[in-house]
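Chemist: sequence plus predicted model, see below.
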Amino acid sequence: MSDKSTPISYGGQAVIEGVMFGGKHVNVTAVRRKNNEIMFLEVPREDKNWVRKLRKIPLLRGIVSLIDSSIKAPNI
């Protein structure tokens with residue numbers, strides 16, 4: 001192993017009967033179905049450059065993330 005460690009950034013939140021985690025390149029949602037089976041849905045992240053830049057500005061980060069999530073949610 002190298003001595004240099006790069007921070008890995010993951011975020012998550014609860015969804016109905018499951019959890020959703022987001023990484024740098026992919027979002028994964030895991031939900032429990034009625035038959036107690038756990039179903040995984042993996043969706044690649046396709047952020048635009050201007051969205052990525054706006055997410056680095058502290059006061060705009062939350063608003064941009066909320067709008068971006070609202071646009072992408074119906075497609076999942």
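Modeler: Right, received. Where do you want to start?

Chemist: phi, psi for the residue nearest to the spatial centre of the chain please.
Modeler: Among the residues of the chain, the one closest to the centroid is Gly22, at 2.7 Å (Cα atoms, centre = their mean). As for Gly22, its main-chain torsions (degrees, to the nearest 10) stand at phi -120, psi 130.

Chemist: roughly how far apart are the nearest residue to it once chain neighbours are set aside and Asn49?
Modeler: The spatial neighbour of Gly22 that comes closest, neighbours along the chain excluded (Cβ to Cβ, 6 or more residues apart in numbering), is Gly11 at 5.1 Å. C-beta: built from backbone N, CA, C; applies to glycine. Noted for Gly11: a distance of 20 Å to Asn49, by Cβ to Cβ, to the nearest Å.

Chemist: ok, the residue nearest to the centre of the chain - contacts?
Modeler: If you count contacts by Cβ atoms under 8 Å, 6 or more residues apart in numbering, Gly22 has them with 10-12, 28, 45.

Chemist: can you give me the end-to-end span of stretch 31-48?
Modeler: End-to-end span of stretch 31-48 (Cα to Cα, to the nearest Å): 28 Å.

Chemist: same question for stretch 14-21.
Modeler: 9 Å.

Chemist: pull the residues that contact that stretch.
Modeler: The set of residues external to stretch 14-21 that reach it, using Cβ under 8 Å, 6+ apart, is 10-13, 27-32, 38.

Chemist: just checking, what packs against the longest helix seen in the chain?
Modeler: Across the chain, the longest stretch assigned as helix under DSSP state H is helix 58-72. Secondary-structure packing of helix 58-72 (3 or more Cβ pairs under 8 Å, 6 or more residues apart in numbering; DSSP states H and E): helix 49-54.
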